[in-house]
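In: pasting the structure only:
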């Protein structure tokens, strides 16, 4: 990827920033009704991140993905394609599978209750003792499926029956990070965080560095706050980058790179950390030397799980001498994450007050106002000035 | 009962068995509103199992029974009758009693708050310092009572003010198991299970053996799946029996009888295990040599307590040499119960999916369709084809 | 304070007591909707007890007060006044402060998220990088404040924007306990209780001694039940007193005084224990030698926190020889409190029954009927006979 100064909109430089736009009202972070609307209209209708393709490498391998009331079996079928099967037996609705991950050794999925058996492609193979008739036809009893799209090794699913094409929703992303060859990267580390805040607060937190001087003094040394720029500020994929202070540095405990640059990353990208929020449930942070990303799972208006992953080149993961670099990257972001979680949880509690009508965005938070507009559009709510 | 070669008559039904009848929609297992309707229209209106008469043998002995928002004191009064008193002081509503079981030594029930005192029959005996007047009359302050009916040593209660007679609701049961002289049996063992599923899934699970080959391989050896027949498939008491493979065997860890045949049990009954679900909260399983039963207490749409009891002849319970037989019966059913609980809990979770609209019953689950009709009738909901 | 027999209304002597007034229906203790109404119309509109002035003695000292969805910072400002600031940053609603108590050493309050900084008086001092404009004016971004009134060292707050004057709501209290010089007293001990009952049951329990013979046999020895009188039975502050059996005794484990009489307490007051419920969240019990009070925080229809405090003269608290007296007073009331909590929790459970329509008050509970009328008035509900 080559950079082009004109492409980026440096806030306060290429366009005037305005202080004082108003935030959403507090109910958007607390109302059970709005939360349910978000599940129905966003999480059940949009492309959402599910898992890495590497997590289900072989035929029969699966991982369960839970989202609100739905459980999906992401499984590699006999044609080496990943399917997203609803974890619901067509017979009487029993969950077929409860172990979070594993492998269907028999290359079929059998319900533990009455032994109805499905192929890895979801088709009903056998229903013991049942005869076909007008009332019961095996062909009508395949497992329901969600749509699947793999982008750069990331598996996305869409539970809607007629989804917008992935490329439409994620237009901005296509080709953007090709130099990282992210499909070749592998998970070096994973941390699961349980947080008491609304899922949108995490996206908001990720899209502004106005909080960095106070919350992340160390991060602010590595990447100056004023260097924050956005190169996409509309749509499902919103993001930009910050410049590294140190030449050939990275985001680690000592500011040194955790590993050599990844694949074809070159030029300005060697000095940049990208921050892309991929609406609604993924935050992607390509560094010159590794990729960190978050997978957000809402559990209620004030509760989420945030799974954080660090991706490196496989040869780095397998190199004993490279382990301290990986650890330094993990430790840096674990520290930084926890700083963020604290303020997000405090914001969750404060916005519950009846006196919080609507807050004020600074100009440095202008993208958050765009995120709010996206949300209101997705919910079909009237935009509020 | 004699068997008939025609397949559907063998199942004990006088209609052809069809595969493909549809189940209830998922909301019947998950909706808080439907659950509340069930409490109001079924658990507060039907005869429900409460306890064994043997649990309150002496005058003043009591056991508390909790059902949804209601707590009842089942107590033996001075005339040796069992009363079911609402555990609510007439003064200001305080619970009179909180210990799950015990004895009112004074032969009266005193509120711990202001010392209002009631007879074991529920009549208000004294209200300290209060004078009778138009506004306050002791005769109007007796404890509320539920109706009580004892059948074969099982105490049933009905919280409705004008209940249908017990014999009406339970027509099919009257006289059916007289040979067991169940009022003479005593509790040899009790296990309390807490389960995360709807109460109806337990009844459904109990009324079909279509799941036995996969879930209960050992049980299926002792009683062949194809031997399952129903001799009552309508109304509050639905049930049938299965044949024992081994002559003079029983349901124990080694298939041997746990004890000699009970009382007058004879003929075909020596080779049969009966399975009766006594709607809404009891499952009764007479064996030739003992009786096992379940007492189901709903705690919410997705939560129940299931108390399982094993009844034997008192002389068996008191015989040191008979203990290994009792243990073998307990162990067998504890194992089998746990196999059932696992699949019931998985069905609970799976039916939450929006993609579970309605499932398909196999012909071997035809009685479950009858149970669904009973439920819809009790709720006053329109039957769904 | 001098006594005048005619001033007091000795129940059953100076006015006829009538047995048989009816209690509130059970929903007033259980309904989530009524609870929310109580929060909105009572706890967010009335003067409520917050803390003792002594808890925030120096400029910058603060204590957090939580009430339903609101969190308030009670802080001593630079003019030595106590302010009650809503704990909600004007920027985006983040809670400014989470430690239950402490001191703002910098004499300013800084939001941990984006470093907006406020004076101890709540005025916004700085919002980093933001420029004033029509859309954003610092003067409009002061922290919201609740009203504050200090009475006898007790800090009351009112979250309503236009509250009734404190003196109006608490008319009866003004001057009533001047002899105790309660502003000079200090907290000698504090116990926090978590209880599973409605907040009103605690007030009711406190305003009648009909329960004392059964629940508090020891207390009844120290203060005869029949001595209970009320000198205020209307409005927000309802109360009366009981006579000590022992000359110059007090409410302690041995009935002896815990300390010498407080300040100017004299005459009949040396033989009296006062019981005042200060609607909605405080119970005040001046003794001749110390003051005990409760601070009730509702957490739901069936859950409260009750903070109980013992106040003594500072010279007593600092006197090693006086410690056993303090302990004896604490132990006596801790024992008595726990006796009350048990019956209040049992009343909570019992009143959930559908068979509890409405109970009967004895004449000795006539003030509870007045409390019910106050409640219904505050809620704007129709009085029920």
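Out: Sure, I can see it. On a predicted model such as this, the values are computed, not experimentally measured, just so you know.

In: and the strands in the stretch 51-200 of chain A?
Out: Counting by DSSP state E, counting those that start in this stretch, residue ranges of the strands within the stretch 51-200 of chain A are A:61-67, A:70-76, A:82-86, A:101-103, A:108-110, A:117-119, A:124-126, A:145-151, A:154-158, A:186-195.

In: against chain B, how distant is the residue of chain A found nearest chain C?
Out: Ranking the residues of chain A by distance to chain C (CB to the nearest CB) places residue A:20 first, at 3.0 Å. For every residue, glycine as well, the C-beta is placed using N, CA and C. From residue A:20 over to chain B the distance is 42 Å, taken as CB to the nearest CB, to the nearest Å.

In: doesn't residue C:133 make contact with that residue?
Out: Yes. The pair residue A:20 and residue C:133 passes the contact test of CB atoms under 8 Å, sitting 6.1 Å apart.

In: please say which of these two ends up with more neighbours.
Out: Neighbours around residue A:20 and residue C:133, counted as other CB atoms under 10 Å in any protein chain shown, are more numerous at residue A:20. The numbers are 17 against 10.

In: in stretch A:225-235, what's buried?
Out: Using 16 or more other CB atoms under 10 Å in any protein chain shown as the burial criterion, the residues of stretch A:225-235 that qualify are A:225, A:226, A:227, A:228, A:229, A:230, A:231, A:232, A:233.

In: let me redo that: stretch A:336-347
Out: Of the residues in stretch A:336-347, those buried under the neighbour-count criterion (16+ other CB under 10 Å) are A:336, A:337, A:339, A:340, A:341, A:343, A:344, A:345, A:346, A:347.

In: then stretch A:208-217?
Out: Of all the residues in stretch A:208-217, those buried under the rule 16+ other CB under 10 Å are A:208, A:209, A:210, A:211, A:212, A:214, A:215, A:216.

In: any idea how far it is from the middle of the chain?
Out: In terms of CA atoms, centre = their mean, to the nearest Å, the centre of stretch A:208-217 is found 22 Å from the chain centre.

In: go on, stretch A:22-38?
Out: Averaged over its C-alpha atoms, stretch A:22-38 has a centre that lies 20 Å from its chain's centre (CA atoms, centre = their mean).

In: near chain C at all, it?
Out: Yes. Counting by CB under 8 Å from any CB of the partner chain, chain C is contacted by stretch A:22-38 at A:23, A:26.

In: average pLDDT across that stretch?
Out: Confidence for stretch A:22-38, expressed as mean pLDDT, is 97.

In: how long is that stretch end to end?
Out: The separation between the terminal residues of stretch A:22-38, taken as CA to CA, to the nearest Å, is 21 Å.

In: buried set for it?
Out: Residues of stretch A:22-38 classed as buried: A:22, A:23, A:24, A:25, A:26, A:28, A:29, A:30, A:34, A:35, A:38 (neighbour count, 16+ other CB under 10 Å).

In: how about the fifth one, phi and psi?
Out: Main-chain dihedrals, residue A:26, degrees, to the nearest 10: phi -60, psi -30.

In: which parts of the stretch 151-300 of chain A sit against chain C?
Out: Contact residues, the stretch 151-300 of chain A versus chain C (CB under 8 Å from any CB): A:210, A:211, A:213, A:214, A:215.

In: burial of the closest residue in space to the third one that isn't next to it in sequence, as a residue count?
Out: Translated: residue A:213. If the residues on either side of it in the chain are set aside, residue A:213 comes closest to residue A:220, at 5.5 Å by CB to CB, 6 or more residues apart in numbering or on different chains. Neighbour count for residue A:220, taken as other CB under 10 Å: 17.
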